[in-house]
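Colleague: Just to be clear, the model below is a prediction. Sequence and coordinates:
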Amino acid sequence: MSILRLLDLSVVRCWPEEAPAQWTPQREGELGGSTAGCALPLNFQHRKHALNCHRMKPALFSVLCEIKEKTVLSIRGVQEEDPPDPQIMRLDNMLLAEGVSGPEKGGGSAAAAAAAAAAGGSPNDGSIEHSDYRAKLAQIRQIYHSELEKYEQACSEFTNHVMNLLREQSRTRPISPKEIERMVAIIHRKFSSIQMQLKQSTCEAVMILRSRFLDARRKRRNFNKQATEVLNEYFYSHLSNPYPSEEAKEELAKKCAITVSQVSNWFGNKRIRYKKNIGKFQEEANLYAVKTAVDAANVSAQASQANSPATPNSGGYPAPCYTPDGRL
DNA sequence: CTAGATGATTCTGC
DNA sequence: GCAGAATCATCTAG
């Protein structure tokens, strides 16, 4: 019975209680089994050899087999399947989307470009910041991969170690392949939880990087003069109904080299600010009304057809009048 | 440095 | 889902 306890303890003691970083091969010496080239205390080797050559060994072994049979029966029900962890899947997806994991080239810059587009910047502006962003992302990516590699190596090393240990022990006590498999699965579960921590902290780092470099509010740039002019022209020439259709928005976006949602934002802001303080916008409104009228006159003169009105205003938002004090 | 302007976001109601 | 309103964060002129 004491031998059984000794052998069982040896398996238990080969199990690291903490993260694999704490596990060091030096501990092998104090374990029950041995891997190739591992130095065991001499008297222990002798005792082991004596045990292996003992005439009672076969009998002892069969007793152990019997006991094992009984124990396995009670363990059998405990075996649990581990379905793919949804948390890990989420982290994986995010890292893939951010270009941290997955294919080496393209992913990161694609994510950066997408983020830049979401931030509303024109494709060429802030290229310095974006290259900085990409450099930092690449750094994160490199750290992530080297850590991952380290963990994987440690995992396989440790798995090999345990398997050797079990194989060695299977000479003196019954260990089924199933049992070894279970041990390996347990090791992998342990390591995958460490991997999850790595993935989590990588995700956090990427989020911080993103918010620092690509937060739209931080990167706010005023539209250029020409873009503002185009938008204002449309707004004041459609003052009766300053709600551009989807097609009109697309065209305006194209003309101003901004996104459709930026056009929507601009009109939303403009409408509310115009309505709040019509007086303040009077001058601007007059300016664009004149501009539109002149343009229309030019067009009609060129076409020799003076039938269309200059501005299609009627009802809706209060149209500007030409009083010098700016009141309606 | 500051006040006002401006683009973006968030919340609410329809 | 869209528009209005409030608010935030940043830009810019003075």
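Modeller: Looks like it came in fine.
Colleague: Residue A:179 contacts residue A:163, doesn't it?
Modeller: No. Under the criterion of C-beta atoms under 8 Å, residue A:179 makes no contact with residue A:163, lying 10.9 Å away. C-beta here means a position set from N, CA and C on the backbone, and glycine is covered the same way.
Colleague: and residue A:184, what does it touch?
Modeller: A:159, A:162-163 (C-beta atoms under 8 Å, 6 or more residues apart in numbering).
Colleague: name the element residue A:228 belongs to?
Modeller: helix A:225-237 (DSSP states H and E).
Colleague: anything in that helix near DNA strand B?
Modeller: Yes. Helix A:225-237 reaches DNA strand B (C-beta under 7 Å from any atom of the strand) through residue A:228.
Colleague: Show me what the helix or strand just after that helix is packed up against.
Modeller: Counting by DSSP H and E, the next helix or strand C-terminal to helix A:225-237 is helix A:246-256. Counting contacts by 3 or more C-beta pairs under 8 Å, 6 or more residues apart in numbering; DSSP states H and E, helix A:246-256 is packed against helix A:225-237, helix A:260-276.
Colleague: what about residue A:258, is that helix, strand or coil?
Modeller: Under DSSP: H, G, I helix; E, B strand; the rest coil, the three-state class of residue A:258 is coil.
Colleague: Tell me the helices and strands packed up against the helix of greatest length in chain A.
Modeller: When chain A is parsed with DSSP state H, its longest helix is helix A:127-169. In terms of contacts (3+ C-beta pairs under 8 Å, 6+ apart), helix A:127-169 is packed against helix A:2-13, helix A:107-119, helix A:177-214.
Colleague: what do you get if the cut-off is 6 Å, keeping everything else the same?
Modeller: helix A:107-119, helix A:177-214 (3 or more C-beta pairs under 6 Å, 6 or more residues apart in numbering; DSSP states H and E).
Colleague: right, quick check: that helix against DNA strand C, any contact?
Modeller: No. Applying C-beta under 7 Å from any atom of the strand, one finds helix A:127-169 out of contact with DNA strand C, separated by at least 10.2 Å.
Colleague: for the record, mean pLDDT for that helix?
Modeller: Helix A:127-169 comes out with an average pLDDT of 81.
Colleague: That helix to helix A:177-214, inter-axis angle?
Modeller: Taking axes from the mean of the first three to the mean of the last three C-alpha atoms, to 10 degrees, one finds that helix A:127-169 is oriented at 170 degrees with respect to helix A:177-214.
Colleague: thinking again about what came up before, and which of the contacts of residue A:184 is nearest to residue A:300?
Modeller: Within the contacts of residue A:184, the smallest distance to residue A:300 is 83.5 Å, found for residue A:159 (C-beta to C-beta).
Colleague: Let me know whether that closest one touches residue A:187 as I believe.
Modeller: Yes. At 5.3 Å, residue A:159 and residue A:187 qualify as touching, with contact defined as C-beta atoms under 6 Å.
Colleague: Next one: residue A:227 relative to residue A:283, how far apart?
Modeller: 20 Å (C-beta to C-beta, to the nearest Å).
Colleague: With neighbour numbers in mind, choose between residue A:159 and residue A:187.
Modeller: Higher neighbour count among residue A:159 and residue A:187: residue A:187, with 20 against 16, using other C-beta atoms under 10 Å.
Colleague: so where is chain A shaky, pLDDT-wise?
Modeller: Chain A contains residues with pLDDT under 70 at A:1-42, A:44, A:51, A:64-65, A:71-84, A:104-133, A:208-218, A:303-328.
Colleague: same thing but 50
Modeller: A:1-38, A:77, A:105-109, A:112-126, A:306, A:308-315, A:321-328 (pLDDT under 50).
Colleague: Can you give me the domain assignment for it?
Modeller: Following automatic domain parsing, chain A resolves into domains at A:3-71, A:86-221, A:225-300.
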